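# would you be able to build a 3D model of this:
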Amino acid sequence: MTSGRSVLIALLIALVIFVLTHFAPIPGSLADLTSVSGGHTILDQQPAFTTPAVYDRLDAFGEEGRRLYQRFLLTTDIVFPLGLLTFLFLFARFSAARFVSTPALQVLLPIIPLVWFGLDMVENLSIAVEDGKGDVGGRPFRPDRVERQLKNFPSQVRGSRGSENCP
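Below you'll find the predicted structure:
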């Protein structure tokens, strides 16, 4: 059984972590990332729902901002969710034990924060990996840019070798 005191302590720790990771002017914080990227916000705060929109948002960060965003995703954006996970898990256990009479729900309720955390980590990893893929013209990998490059490839080859070597 989880005590109300442990839930309260976990909440206070999560709030301290939130303030440090989001507002403190320390390297790797959200405040640092926003400053370096020219005021752009992370995808968690202002979601983009199409692939081109996500890539446009990542492009807007600039090279240094994207590099810091990758580091942010793999450090700061793990530390804060872990602190929040601890609170949410303990709160779910506390609530399930006191307010839920169905045994199955008592088991399932604490699983919800674990699922959220797992999905958040998959999201972070997918953004970090995708943003780090390839480099087309000094910008992150984008399928539409690769397609354009491939369409222009024959003319680029003819221009560099001379048309006698290309059909």
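# low-confidence regions, this structure specifically.
Where the chain drops to pLDDT under 70, the residues are 131-167.
# helices and strands around the longest helix seen in the chain, which ones?
Determined from DSSP state H, the single longest helix within the chain is helix 76-99. Contacts defined by 3 or more CB pairs under 8 Å, 6 or more residues apart in numbering; DSSP states H and E place helix 76-99 against helix 4-22, helix 103-108, helix 111-132. The way it works is simple: take the backbone N, C-alpha and C, and place the C-beta from them, glycine included.
# so for the protein, the centremost residue is which one?
The centre of the chain sits closest to residue 124, judged by CA atoms, centre = their mean, with a distance of 3.4 Å.
# looking at the helices and strands packed on helix 76-99, spot the one closest to residue 40.
Each of the helices and strands packed on helix 76-99 was scored for nearness to residue 40 using CB to CB, and the closest is helix 111-132 (13.1 Å).
# tell me the domain boundaries of this protein?
4-132, 137-167 (automatic domain parsing).
# on that earlier part again, adding distance to residue 56, write the helices and strands packed on helix 76-99 out as TSV.
As requested, the helices and strands packed on helix 76-99 are arranged in TSV below (distance: least, CB to CB, whole Å):
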stretch	distance to residue 56
helix 4-22	24
helix 103-108	39
helix 111-132	13
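# closest one to residue 75 among those helices?
Judging those by CB to CB, what sits closest to residue 75 is helix 4-22, at 9.2 Å.
# for the helices and strands packed on helix 76-99, which one sits closest to residue 50?
Checked against CB to CB, the stretch from these lying closest is helix 111-132, at 13.9 Å.
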